[in-house]
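[1] how would this look folded up:
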Amino acid sequence: MKAKVIRYYRFGEPTEVLHLEEKEVLSPGPGELTVRMSLRPINPSDLIPIRGAYPHRTSLPAIPGFEGVGVVESIGSGVSHHMLGRRVLPLKGENTWQEMVKTEARYAVIVPDDISDSSACQIYINPITAWLICTSILHLTYGNTLIVNAGGSAIGRIFAQLSRIIGFRMIALTRNDRHTSDLHRLGADLIVNTTKELLQERIMEFTEGRGADAAVDCIGGTDGEQLVSCLRPHGTVISVGLLSGVTPLWHEVTRETQVQVKLFWLKHWVERCSQEEWEQVFRDVLQLVKAGRLIMADIGAKFDLTNVQQAIVTYESESDIKGKVLLKSF
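    Numbering: from 1, shown residues only. I've put the predicted structure just below:
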């Protein structure tokens with residue numbers, strides 16, 4: 001059997017280097033299962049590697065896509081027949097911008113019936129990353145203050161909701177006022193439009209001169225670097241993304257400060273965590289989604305996987321669409 005797959009053989013603009021191909025689908029081996037994908041979101045973390053920001057992490061040719069939802073179509077020996085036909089998130093296996101994805105059965109997260117495909121396909125990258133940063137890395141609690149740049153992004157909105165759930169104060173940084181009311185509604189305490197306000201001055205005013213406890217950098221470059229001056233002594237910057245495509249000069253900007261910088265890459269956590277930890281984190285996040293306390297982004301548009309170039313153009317034209325852009329199977 002053959003299945004559609006999106007591949008790239010060189011780094012560059014996604015609309016230029018991505019190719020639609022077919023691949024032979026191999027039967028799952030012992031302990032494995034094959035998932036027929038239904039929906040996958042387009043995330044910055046999908047596009048940044050294609051442009052070559054992490055060449056040492058990406059072996060070419062490569063298939064994009066780190067999350068999505070689908071239905072188990074076939075199983076290998078040792079896998080329960082009860083998995084057949086179940087909706088799952090196929091993680092820690094093949095990338096998701098393809099029709100059929102194979103992974104180990106123990107890393108197929110079963111999706112509860114009362115969570116839609118549109119929500120389920122978004123549950124991995126942003127919610128798990130934000131949850132781990134807040135609970136396992138920074139251990140945020142009442143009285144703590146967290147700064148998040150790219151505040152209007154999907155992950156920024158997750159952090160805003162978690163601030164209300166966990167109890168810390170969140171400062172969301174944006175470049176326009178379009179997301180201000182939504183971010184306040186979701187839980188952010190302060191929204192700073194960095195094109196209109198002096199960032200450090202505004203943060204110090206809000207924190208009564210102490211500085212924030214921690215910051216999450218989704219952008220990199222000078223946007224990330226300026227977070228250092230907004231933190232208290234012994235504060236922490238967590239670097240999670242490079243929307244700008246520019247790696248911050250962390251060593252230089254933290255010199256003669258007591259601020260530390262930690263890099264967080266979800267794939268590394270997945271590779272190192274225990275099965276017990278893995279399952280507990282997903283239980284926690286899925287329960288929040290089921291209870292309606294953590295809400296995924298609205299859907300702006302859906303495109304067939306075969307129309308991936310147009311989907312990316314739409315995704316990157318923020319003025320033309322509001323909400324997540326999803327890739328669906330045929």
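[2] rest of the way, CA atoms for contacts and neighbours
    Noted.
[3] where's the worst-scoring helix or strand of the chain on mean pLDDT relative to the chain centroid, distance-wise?
    When the helices and strands of the chain are compared on mean pLDDT, DSSP states H and E, helix 266-272 comes out lowest with a mean of 85. Remark: helix 266-272 is offset 13 Å from the chain centroid, using C-alpha atoms, centre = their mean, to the nearest Å.
[4] so after it, what's the next helix or strand?
    Once the chain leaves helix 266-272, the next helix or strand it forms, by DSSP states H and E, is helix 275-290.
[5] Contacts made by that next one with the rest, please.
    109, 114-115, 123, 127-128, 131-132, 270, 294-296 (C-alpha atoms under 8 Å, 6 or more residues apart in numbering).
[6] Give me the distance from stretch 189-204 to the chain's centre.
    Here stretch 189-204 is found 25 Å from its chain centre; the criterion is C-alpha atoms, centre = their mean.
[7] One more: stretch 210-221?
    From the chain centre to the centre of stretch 210-221 is a distance of 17 Å (C-alpha atoms, centre = their mean).
[8] list the buried ones in that stretch?
    Buried residues in stretch 210-221, defined by neighbour count with 16 or more other C-alpha atoms under 10 Å: 211-221.
[9] can I get these in a markdown table with secondary structure?
    Below are the buried residues of stretch 210-221 laid out as a markdown table (DSSP: H, G, I helix; E, B strand; the rest coil):
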| residue | secondary structure |
| --- | --- |
| G211 | coil |
| A212 | strand |
| D213 | strand |
| A214 | strand |
| A215 | strand |
| V216 | strand |
| D217 | strand |
| C218 | coil |
| I219 | coil |
| G220 | coil |
| G221 | helix |
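[10] any chance of these in JSON lines, with pLDDT too?
    Supplementary listing: the buried residues of stretch 210-221 in JSON lines, determined by pLDDT from 0 to 100:
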{"residue": "G211", "pLDDT": "95"}
{"residue": "A212", "pLDDT": "97"}
{"residue": "D213", "pLDDT": "97"}
{"residue": "A214", "pLDDT": "97"}
{"residue": "A215", "pLDDT": "97"}
{"residue": "V216", "pLDDT": "97"}
{"residue": "D217", "pLDDT": "97"}
{"residue": "C218", "pLDDT": "94"}
{"residue": "I219", "pLDDT": "94"}
{"residue": "G220", "pLDDT": "92"}
{"residue": "G221", "pLDDT": "93"}
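[11] quick one: which of those residues is nearest V69?
    Here the nearest of the buried residues of stretch 210-221 to V69, counting by C-alpha to C-alpha, is C218; it sits at 24.5 Å.
[12] list the contacts for the closest one?
    C218 neighbours (C-alpha under 8 Å, 6+ apart): 148-150, 224, 239-243.
[13] let's go with 10 Å and repeat that
    44, 148-151, 153, 155-156, 224, 238-244 (C-alpha atoms under 10 Å, 6 or more residues apart in numbering).
[14] Restricted to helices, list these.
    Among the contacts of C218, the ones falling in helices (DSSP state H) are 44, 155-156, 224.
[15] Sort out which one of those residues lies nearest S38 for me.
    P44 (20.0 Å).
[16] What residues does the closest one make contact with?
    153-154, 218, 241-243, 315-316.
[17] hmm, back to that, mark which of the contacts of helix 275-290 are part of helices, please.
    When these are checked against helices (DSSP H), the matches are 131-132, 270.
[18] picking that back up, buried members of the contacts of helix 275-290 into ChimeraX, please.
    Buried members of the contacts of helix 275-290, defined by 16+ other C-alpha under 10 Å, are picked up in ChimeraX with:
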select :109,123,127,128,131,132,294,295,296
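[19] Take the contacts of helix 275-290 and lay them out in a markdown table including distance to L89.
    Formatted as a markdown table, those follow (distance: C-alpha to C-alpha, whole Å):
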| residue | distance to L89 |
| --- | --- |
| V109 | 5 |
| D114 | 15 |
| I115 | 12 |
| I123 | 9 |
| P127 | 14 |
| I128 | 13 |
| W131 | 17 |
| L132 | 18 |
| V270 | 14 |
| L294 | 18 |
| I295 | 17 |
| M296 | 15 |
